[in-house]
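A.B. asks: sequence unavailable; structure follows:
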């Protein structure tokens, strides 16, 4: 049965990406809710002992997807809040495998400096295009995504393996996806004209996170 859920995820993702290239909003909206629901089903059936935190992380990611379908600032904000909760649950799930005594302060400082400076640079480019009321909430959101990446890296350092590296790569793709989404939504003259890159990095990122956790 887990194979069926994985097949549904792959198929719905492929159709959704095709719709993104073609700028077919109706088909994108129809397929989007199936992405994380099928991935959640795959995780629950494939995991020996499914973690509640990861189930909730995927569930809130699905909720974020659904809330981002309608247009408007209120829906965009609600979707962002759902994804912030999702990142918090991913962090909680990663923490089960992290030996914090083996995480050097230097690594924490380097990662914090990297993500803070990266987010600051991204928003220096976005600031002229963002509604004033959204600037700081979106800035905070991307920092939280960066924090999720940090904990994925801590997990990789604590348990070096192909699995933990896979999850860390998936988390990085999630960060790229959110960054691309901000430019697609708000910078009209951006080179990113469609949601293809947003959804490609997002769907592959979420899948790699799950595979690494399994």
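C.D. replies: All right, it came through fine. Everything numeric in this text was worked out from a predicted model, so none of it was measured.
A.B. asks: ok, the residue nearest the centre of the chain to residue 119 distance?
C.D. replies: By CA atoms, centre = their mean, the mean C-alpha position of the chain lies nearest to residue 174, the distance being 3.5 Å. Distance, residue 174 to residue 119, using CB to CB, to the nearest Å: 14 Å. Where C-beta positions appear, they are placed from N, C-alpha and C, glycine not excepted.
A.B. asks: and for residue 23?
C.D. replies: Distance from residue 23 to residue 119, by CB to CB: 29 Å.
A.B. asks: was I right to think residue 142 contacts residue 180?
C.D. replies: No: in this structure, residue 142 is not within contact of residue 180 by CB atoms under 8 Å, at 11.7 Å.
A.B. asks: neighbours of residue 166, how many?
C.D. replies: Residues near residue 166, counting by other CB atoms under 10 Å, number 20.
A.B. asks: apologies, that question was intended for residue 100.
C.D. replies: 9.
A.B. asks: which ones are touching it?
C.D. replies: The contact partners of residue 100, taken as CB atoms under 8 Å, 6 or more residues apart in numbering, are residue 154.
A.B. asks: grab the nearest non-local neighbour of residue 201.
C.D. replies: Of all residues not flanking residue 201 in the chain, residue 177 sits nearest, at 4.0 Å (CB to CB, 6 or more residues apart in numbering).
A.B. asks: please state the offset of the longest helix anywhere in the chain from the chain centre?
C.D. replies: Longest helix of the chain, by residue count under DSSP state H: helix 132-158. Per CA atoms, centre = their mean, to the nearest Å, the displacement of helix 132-158 from the mean C-alpha position of its chain is 10 Å.
A.B. asks: which pLDDT value goes with the residue nearest to residue 201?
C.D. replies: At residue 177 the predicted local distance difference test score is 96.
A.B. asks: again with residue 23
C.D. replies: The model's pLDDT for residue 23 equals 89.
A.B. asks: ok, it to residue 1 distance?
C.D. replies: From residue 23 to residue 1 the distance is 35 Å (CB to CB).
A.B. asks: picking up where we left off before, of residue 23 and residue 119, who's got more company?
C.D. replies: residue 119 (21 against 12).
A.B. asks: what mean pLDDT does whichever helix or strand the more buried one is part of get?
C.D. replies: Taking DSSP states H and E as the criterion, residue 119 maps to helix 105-126. Mean pLDDT, helix 105-126: 96.
A.B. asks: so where do the helices sit in this structure?
C.D. replies: Under DSSP H, the chain gives helices at 2-21, 25-46, 52-67, 73-95, 105-126, 132-158, 162-186, 196-213.
A.B. asks: for this structure, give me the ranges with low pLDDT.
C.D. replies: Applying pLDDT under 70 to the chain flags residues 189-192.
A.B. asks: how does it look with 50?
C.D. replies: Applying pLDDT under 50 to the chain picks out no residues at all.
A.B. asks: and the nearest residue in space to residue 197 that is not next to it in sequence, how far is that from residue 11?
C.D. replies: Spatially, and ignoring its direct neighbours in sequence, residue 197 is nearest to residue 180 (4.9 Å; CB to CB, 6+ apart). From residue 180 across to residue 11, the span is 23 Å (CB to CB).
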